[in-house]
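Undergrad: Okay, here's the prediction I keep looking at, along with the sequence it came from:
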Amino acid sequence: MNLSADPALGAPDEAVEFAIPTTLAGSNPAPAGRWTHRHLLDVDVLTSDDLDLVMRTTATMAEVLTREIPKVPVLRGWGVTILSYEASTRTRVSFEVAAKNLSADVVNIAAASSSVTKGESLIDTIRTVEALGARMLVLRHATSGAPYLAAQHFSGSVLNGGDGWHAHPTQALLDLYTLETRLPGGSVRGRKIVILGDVLHSRVARSNLWALTAAGADVWVCGPTTLLRGFDAWAASGVAGSRRFTVTSDLNAALRDADVVMALRIQRERMAAGLLPSLREYAARFGLTRERLALARPDALVMHPGPMNEGVEIAADVAAGDQSVITDQVANGVAVRMAVLYLLAGARDGSARDGGGRDVRPEAGREAARGAVPAAE
């Protein structure tokens, strides 16, 4: 099959080696590059080249979304299961829309209405959905590390949709893409980006620290000292042992001349744990208001991963103001997740290996399930 001549993007199974086709539905040039990761559990494993490939692939998917029918047959016949052990709107819906836009067969499972309530373990649930045809698993779980456990027992690809306080890789990727499309010059390199709020319990903050520092941003994290514990030590050693960032409880210093301010959600349980005296006091000392935003650059962008507590971590007029790109973040989540699903589906050549060195090509998993040794390509 000639992928470049096909009127729609060819499915990954139709190529012996995965290389992104030169055209996407015959119009927008698709990025060149090779993706070698079986899973996406966090952004800490992604190189700068990987990040660049995700960004360029996302731009291609964003072009698809502008069409009258925003759909391509990339994952036709692929089973994608979205398994949620936590409540979710943006992540769950955008993954579902993304998979359907790629023509996948999508199944949504909420743990609260599944056999989990009868005592079924995570591993048993994973084995069940795989037996029912899932080749990709999007897992959102309240326990840090759950997607890593899933990856050990699932022969397909696992995508971390957010696990505990640990990581939210696709949120970090969509945040990076949003910034690169909105900042003058199209790059975060050298830009001062402030992550403000409950950094201690934020998987979004952790994944963004990996992604933004890898992209060359000057990252500051700010909040009450009780919500920054441990980050001083991380900042001193650096992300990946070398990429420095700044930790401070001085809100004015953090906001001064900032290019981007990302507010994080404040949760009521932090008061019960004695980490905050009250939401009112947090809003008075650290809430992002117009007056405080004035310390940043005049064209500074405002972000929030959602859901928001308006009037607590961010004022309503700031969230809905001209500098806000919060709705862009939501919209870009679909294109980013389309890109990630597509790249993972194509990681089928011999360089795609798991941590134990096993062949993780999609067809290898199917052959192994039938008890056969997959033929070398």
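TA: Nice, I can see it. Numbering: from 1, shown residues only.
Undergrad: And the protein, split by domain according to the record?
TA: Per automatic domain parsing, the domain ranges recorded for the chain read 12-167+332-355, 169-329.
Undergrad: If you average pLDDT over each of those domains, which is lowest?
TA: By mean pLDDT, the lowest-scoring of the domains of the chain turns out to be domain 12-167+332-355, with a mean of 83.
Undergrad: now the helices for the stretch 1-150 of the chain?
TA: 48-64, 90-101, 122-131, 146-153 (DSSP state H, counting those that start in this stretch).
Undergrad: In PDB, list the C-alpha atoms belonging to the helix or strand following the last one.
TA: Right, helix 146-153. Next along the chain after helix 146-153, taking DSSP states H and E as the criterion, comes strand 157-163. What follows is strand 157-163, C-alpha atoms only, in PDB (Å, rounded to 0.1, in the frame of the first residue of the first chain):
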ATOM      1  CA  SER A 157       0.400  -0.100  25.400                       C
ATOM      2  CA  VAL A 158      -0.500   1.600  28.700                       C
ATOM      3  CA  LEU A 159      -1.100   5.400  28.800                       C
ATOM      4  CA  ASN A 160      -1.100   7.100  32.200                       C
ATOM      5  CA  GLY A 161      -4.200   9.300  32.500                       C
ATOM      6  CA  GLY A 162      -3.000  10.500  35.900                       C
ATOM      7  CA  ASP A 163      -1.800   8.500  38.900                       C
END
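Undergrad: rewinding a little: among the helices of the stretch 1-150 of the chain, which comes closest to residue 247?
TA: In this view, those are compared for proximity to residue 247 by CB to CB, and helix 48-64 is the closest at 23.5 Å. Yep, even glycine has a C-beta here, placed from its N, CA and C like the rest.
Undergrad: Now tell me what touches stretch 318-334 from outside.
TA: With CB atoms under 8 Å, 6 or more residues apart in numbering as the contact definition, stretch 318-334 has outside contacts at 58, 61-62, 65, 90-91, 94, 97-98, 101, 170-171, 174-175, 177-178, 181-182, 288-290, 293, 299-306, 308, 310.
Undergrad: ugh, wrong one, I meant stretch 145-160
TA: Applying CB under 8 Å, 6+ apart, the external contacts of stretch 145-160 come out as 38-42, 85, 95, 122-123, 126-127, 130, 134-139, 141, 163-164, 166-170, 340-341, 344-345, 347, 354, 360, 362, 365, 368-369.
Undergrad: Filter these down to the buried ones, PyMOL style.
TA: The following PyMOL selection, which keeps only the buried ones among the contacts of stretch 145-160, applies the criterion 16 or more other CB atoms under 10 Å:
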select buried, resi 38+39+40+41+42+85+95+122+126+130+134+135+136+137+138+139+141+163+166+167+168+169+170+340+341+344+345+347+360+362+365
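Undergrad: From the contacts of stretch 145-160, which land in strands?
TA: The members of the contacts of stretch 145-160 that map onto strands under DSSP state E are 134-139, 141, 163.
Undergrad: For those residues, give me a markdown table that also has distance to residue 325.
TA: As requested, these are exported to a markdown table (distance: CB to CB, whole Å):
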| residue | distance to residue 325 |
| --- | --- |
| 134 | 34 |
| 135 | 34 |
| 136 | 29 |
| 137 | 30 |
| 138 | 24 |
| 139 | 28 |
| 141 | 28 |
| 163 | 26 |
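Undergrad: What is the most widely separated pair among these?
TA: Greatest spatial distance among the ones in strands among the contacts of stretch 145-160 (CB to CB): 135 and 163, at 20.8 Å.
Undergrad: C-alpha coordinates for the helix or strand hosting residue 329, PDB please?
TA: In this structure, residue 329 is located in helix 326-346 according to DSSP H and E. Extracted as PDB, the C-alpha positions of helix 326-346 are listed here (Å, rounded to 0.1, in the frame of the first residue of the first chain):
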ATOM      1  CA  ILE A 326      -7.500  27.600  29.800                       C
ATOM      2  CA  THR A 327     -10.000  26.700  27.100                       C
ATOM      3  CA  ASP A 328      -7.100  26.300  24.600                       C
ATOM      4  CA  GLN A 329      -5.600  23.700  27.000                       C
ATOM      5  CA  VAL A 330      -8.900  21.700  27.000                       C
ATOM      6  CA  ALA A 331      -9.100  21.900  23.200                       C
ATOM      7  CA  ASN A 332      -5.500  21.000  22.600                       C
ATOM      8  CA  GLY A 333      -5.900  17.900  24.800                       C
ATOM      9  CA  VAL A 334      -7.700  16.100  22.000                       C
ATOM     10  CA  ALA A 335      -4.900  16.800  19.400                       C
ATOM     11  CA  VAL A 336      -2.200  15.800  21.800                       C
ATOM     12  CA  ARG A 337      -3.900  12.600  22.800                       C
ATOM     13  CA  MET A 338      -4.500  11.800  19.200                       C
ATOM     14  CA  ALA A 339      -0.800  12.200  18.500                       C
ATOM     15  CA  VAL A 340       0.200  10.000  21.500                       C
ATOM     16  CA  LEU A 341      -2.200   7.300  20.600                       C
ATOM     17  CA  TYR A 342      -0.900   7.300  17.000                       C
ATOM     18  CA  LEU A 343       2.700   7.300  18.000                       C
ATOM     19  CA  LEU A 344       2.200   4.400  20.500                       C
ATOM     20  CA  ALA A 345       0.300   2.400  17.900                       C
ATOM     21  CA  GLY A 346       3.200   2.800  15.500                       C
END
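Undergrad: Thank you kindly, that will do.
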